[in-house]
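Peer 1: with the input below, show me the fold.
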Amino acid sequence: MPVINRIAGYAEEMTAWRRHLHEYPELGFDCHETAAFVVARLREFGITQIEEGIAASGVVAVIEGQGDGPTIGLRADMDALPILEETGLEHASKVDGKMHACGHDGHTTMLLGAAKYLTETRNFSGRVALIFQPAEEGPGGGRVMVEEGIIERYGIDEVYALHTMPGLEAGSFDTCPGPIMAAVDTFHIDISGTGGHGAYPHETRDPVVAAAGIVQAVQTIVSRNHYTMQDLVVSVTQIHTGSAENIIPERAYLNGTIRTFDSEVQQMVWSRLQEIVDGQAVAYGVQADLRIEQGYPATVNNADKVEFAADVAREVSGEAAVSTRREREMGAEDFSYMLNKRPGAYLFLGQGEAAGLHHPAFDFNDVVAPVGASFFARLVERAQPAG
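Peer 2: Next up, the predicted model:
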């Protein structure tokens with residue numbers, strides 16, 4: 001697979017970076033050691049404009065090109081997952097219960113490789129803002145970095161990101177214009193009844209039966225309340241209640257996820273959930289309280305930027321290895337906050353046959369790191385040509 005020759009020469013060094021990061025995973029906003037490693041490499045490359053501590057442990061570094069021009073933002077996430085690694089590899093996680101099971105070690109490495117090349121060559125105008133982000137896997141580091149003003153402070157005009165994807169041919173690219181990943185919301189339902197002896201249910205207000213009624217009714221939101229051609233997922237994923245076979249408990253708790261692309265569909269789900277919870281509470285004589293935690297918005301690619309990014313990807317990997325017809329999916333991504341502020345594109349980079357994302361046997365394919373780094377570098381050179 002053709003890559004920039006100079007970046008191909010970094011392959012061994014990039015593999016060492018990536019495997020070091022894989023050995024020492026960090027979670028959420030607590031990516032301080034990862035950020036320190038990133039900053040040390042950036043300084044070795046000769047980059048001096050570096051801001052640390054954004055969203056607790058995020059980093060933004062700026063590379064100046066030749067002359068005036070716009071600023072392009074390139075983002076990589078740094079955080080890992082609370083998973084016990086089962087790869088058995090020499091570079092497996094040295095931190096029990098934490099591992100890079102989603103390829104963020106590879107994402108960080110690819111952006112570092114591009115940074116090294118762009119600092120050496122500076123064959124572009126304007127500036128590049130390198131965004132190393134914590135907390136993609138849950139707390140929303142992308143949101144916090146945006147709220148802390150990185151887009152405005154660095155004058156970023158457009159933004160791009162890559163995500164590795166097992167099952168796609170190694171070095172291939174897959175994306176689509178418009179929505180590519182869903183908005184995600186979380187619902188919590190607390191049910192309070194009157195507990196008692198399991199042999200005397202008539203003396204209780206049973207939250208278990210109410211919880212079962214709510215779960216059944218929630219299934220009708222997708223099947224009966226929305227147009228079937230619109231993508232929607234409402235899944236109940238947790239039920240917690242009870243302590244013994246002969247005790248009717250006082251309380252029950254339900255939890256689940258909502259995935260949407262359209263704000264009207266999202267609002268409909270919120271309304272129907274409230275109606276169902278209120279109605280079932282009355283029906284079963286219990287108190288039920290709904291709380292909806294709004295999460296990442298939908299990740300929406302700019303159509304023009306997708307076509308441009310795909311053209312760059314074809315230059316790196318060839319015509320046959322690039323698709324802009326990927327079907328949108330119900331997963332979520334906090335790069336959405338950056339795309340809400342500026343036009344850009346999010347692409348998947350194939351890593352070949354491998355364990356799936358978030359699987360304890362997953363490991364990033366180091367062969368594709370120079371491909372991703374070359375994509376980032378050529379994206380900058382094509383978007384902001386020198387002279």
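Peer 1: okay, helices next: where are they in the protein?
Peer 2: 5-8, 11-23, 32-45, 104-121, 141-147, 150-153, 207-224, 263-284, 303-317, 336-341, 369-383 (DSSP state H).
Peer 1: got the buried residues for the first one?
Peer 2: Buried positions in helix 5-8, judged by neighbour count with 16 or more other C-beta atoms under 10 Å: 6-8. Using the backbone N, CA and C atoms, a C-beta is placed for each residue, glycine as well.
Peer 1: repeat for the fifth one
Peer 2: Within helix 141-147, the residues that qualify as buried are 141-146, counting by 16+ other C-beta under 10 Å.
Peer 1: tell me the average confidence for it?
Peer 2: In this model, helix 141-147 has a mean pLDDT of 98.
Peer 1: please state the offset of that helix from the chain centre?
Peer 2: 13 Å (C-alpha atoms, centre = their mean, to the nearest Å).
Peer 1: and the spatially closest residue to I292 that is not a sequence neighbour, how close does it get to A92?
Peer 2: Spatial nearest neighbour of I292, excluding adjacent residues (C-beta to C-beta, 6 or more residues apart in numbering): F187 at 5.2 Å. F187 sits 36 Å away from A92, taking C-beta to C-beta, to the nearest Å as the criterion.
Peer 1: looking at the two, which one has more neighbours?
Peer 2: F187 (23 against 15; other C-beta atoms under 10 Å).
Peer 1: if I read this right, A55 contacts V144, doesn't it?
Peer 2: Yes: between A55 and V144 there is a contact under C-beta atoms under 8 Å: 3.8 Å.
Peer 1: between those two, what contacts are shared?
Peer 2: 29, 135 (C-beta atoms under 8 Å, 6 or more residues apart in numbering).
Peer 1: E203: neighbour count?
Peer 2: E203: 11 neighbours (other C-beta under 10 Å).
Peer 1: residues contacting it?
Peer 2: 194, 196-197.
Peer 1: for the residues you listed, pick the one with the most neighbours.
Peer 2: Busiest of the contacts of E203 [other C-beta under 10 Å] is G196, holding 17 neighbours.
Peer 1: ok, that one to H240 distance?
Peer 2: Applying C-beta to C-beta, the value for G196 to H240 is 19 Å.
Peer 1: again, but for C102
Peer 2: 27 Å.
Peer 1: do D206 as well
Peer 2: From D206 to H240 the distance is 15 Å (C-beta to C-beta).
Peer 1: between those two, which has more neighbouring residues?
Peer 2: D206 (23 against 11).
Peer 1: pretty sure that one is touching E250, no?
Peer 2: No: contact criterion C-beta under 8 Å: D206 and E250 do not qualify, at 10.1 Å.
Peer 1: okay, and the common contacts of those two?
Peer 2: G193.
Peer 1: ok, back up a step: is the residue nearest to I292 bridged to anything, and to what?
Peer 2: G256, I292 (DSSP bridges).
Peer 1: is it in contact with Q294, as I believe?
Peer 2: No: when contacts are counted by C-beta under 8 Å, F187 is not listed as touching Q294 (10.3 Å).
Peer 1: just for this structure, where's the confidence low?
Peer 2: Applying pLDDT under 70 to the chain flags residues 1-2.
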